[in-house]
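Novice: Take a look and give me a structure for this.
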Amino acid sequence: MRHSRQERVLIILIPTRSFRQVQISDTLYALDRQIIAALQVNARASFPAIASALREQERTVARRAQRLLDTGAVRLTAFVDELKTGLGQPVSLRISVRPGSTDAVADALSARPDTRAVMAVTGDADICCELVAADKPTLHRVLNTDLPAITGLRHTRTYAVLHHVKPTSAWQLPVLTSAQTRLLRRPRARSQDGGRLQLSSDDLELLEALRGNARCSYVDLAGQLGVTATTVRRRLDRMLTSGAVSLRASVEPELLGLRIEADVWLRVRPDSIAKTAAQLARRSEVTYCGVVTGSYGLELILALPDLDQLHSFIADVIAAQPAVLDSEPTLVTRTYKRGYLRTS
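Specialist: Sure, this is the predicted structure:
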């Protein structure tokens, strides 16, 4: 089949017996990006609501969205802020491995249910991993027993996350207007105890079901959990309005044209960490910003189109922050797990 100059061919590899080829024209590719951004704002937004916000035909939006979901390019999942729910202590791990062991160690880490993200990186560490421990005794066991038992793992440096300034769930592709975002976003309210949300075992069971498919219907969820659809709706609304739980699209940045990911560690003057973090978190290139313990004050994850843009961000944006004493950028060479979902 011949393609005109106005068309692109995007090859999406998914873990099935065959590959699917998605042909996307320049115009529709822009619409795909808007649909993905809409699902990042609200994974359960109806196709009519998305079409209305984007001022597109409902049939077109539904067809394009379903295609993205069917190919596996976009996955809809649940995100929880453990620091706001008391579910555990997140830590960032910088792991060194024996030469040739990166894939094996990363696969072993990805297989653990307590790891949220696993990436191979450049620099003096080989792997960067985000892990969430239920409590301090669990964290002690993981660091001193579980991880040293992984064949090929040589050394681990651990940085406890103190605050998610910009969690991964807060980043969205910057292609929607503020008005479009407002139309799609669910209302949020502060919980009564200063932003902390208490989750029951029933809530956790519901979240586990949504982690596999955030658009699962209330009726189907009720069937899985053995409760009524009204109960499911009430529990989910309570969690989502708190702001500690979100349902959104997970997509590999490379499919969005953001071919470069970097894990950047910043040494910041202690009296300026909050201000520096707030300023950097507003940047669309920053997909994650967290305050961490140790010799570094901040950890950033960046997604950019190319290495020139990464250089500009380091040389211009970070360098312009007066409280940043030093920066250590590392390039992500492969992602094994993201948002608790293993990547293909």
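
Novice: quick one: low-confidence ranges for the protein?
Specialist: Applying pLDDT under 70 to the chain flags the ranges 1-28, 188-195.

Novice: ranges for the helices of it?
Specialist: Remark: helices assigned in the chain by DSSP state H are 26-41, 47-54, 58-71, 82-85, 102-110, 136-141, 178-184, 201-212, 218-225, 229-242, 273-281, 307-312.

Novice: what does the longest one rub up against?
Specialist: What that stands for is helix 26-41. 6-8, 10, 24, 45, 50, 53-54, 56, 60-61, 64-65, 68, 74, 76, 171-176, 180-181, 184-185, 248-249, 251, 256 (Cβ atoms under 8 Å, 6 or more residues apart in numbering). For glycine as for every other residue, the C-beta is placed from the backbone atoms N, C-alpha and C.

Novice: on that earlier part again, now for the helices of the chain, which one comes closest to Arg154?
Specialist: Nearest to Arg154 among these is helix 102-110 (9.1 Å), distances taken as Cβ to Cβ.

Novice: Give me the distance between that closest one and the centre of its chain.
Specialist: 19 Å (Cα atoms, centre = their mean, to the nearest Å).

Novice: cool, stretch 98-112 as well?
Specialist: Stretch 98-112 sits 21 Å away from the centroid of its parent chain (Cα atoms, centre = their mean).

Novice: Could you do stretch 146-155 as well?
Specialist: Centre-to-centre, stretch 146-155 and its host chain are 26 Å apart (Cα atoms, centre = their mean).

Novice: residues of that stretch that come out buried?
Specialist: For stretch 146-155, burial by neighbour count (16 or more other Cβ atoms under 10 Å) applies to Leu147, Ile150, Gly152, Leu153.

Novice: Kindly reformat the residues you listed as CSV containing distance to Ala281.
Specialist: Below are these laid out as CSV (distance: Cβ to Cβ, whole Å):
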residue, distance to Ala281
Leu147, 30
Ile150, 33
Gly152, 35
Leu153, 32
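
Novice: Which members of the residues you listed are the farthest-apart pair?
Specialist: Leu147 and Gly152 (11.2 Å).

Novice: Give the buried subset of the contacts of helix 26-41 as a PyMOL selection command.
Specialist: Selecting only the buried entries of the contacts of helix 26-41 in PyMOL, with 16+ other Cβ under 10 Å as the criterion:
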select buried, resi 24+45+50+53+54+61+64+65+68+74+76+171+172+173+175+176+180+181+184+248+249+251+256
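
Novice: Among the helices of the chain, single out whichever gets nearest to Asp263.
Specialist: The nearest among the helices of the chain, by Cβ to Cβ, is helix 307-312 at 11.5 Å.

Novice: Put the alpha carbons of the closest one into PDB.
Specialist: Below are the C-alpha coordinates for helix 307-312, written out as PDB (Å, rounded to 0.1, in the frame of the first residue of the first chain):
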ATOM      1  CA  LEU A 307      19.100  15.300  23.100                       C
ATOM      2  CA  ASP A 308      19.300  19.000  22.100                       C
ATOM      3  CA  GLN A 309      16.200  19.700  24.200                       C
ATOM      4  CA  LEU A 310      17.700  17.800  27.100                       C
ATOM      5  CA  HIS A 311      20.900  19.900  26.800                       C
ATOM      6  CA  SER A 312      18.900  23.100  26.700                       C
END
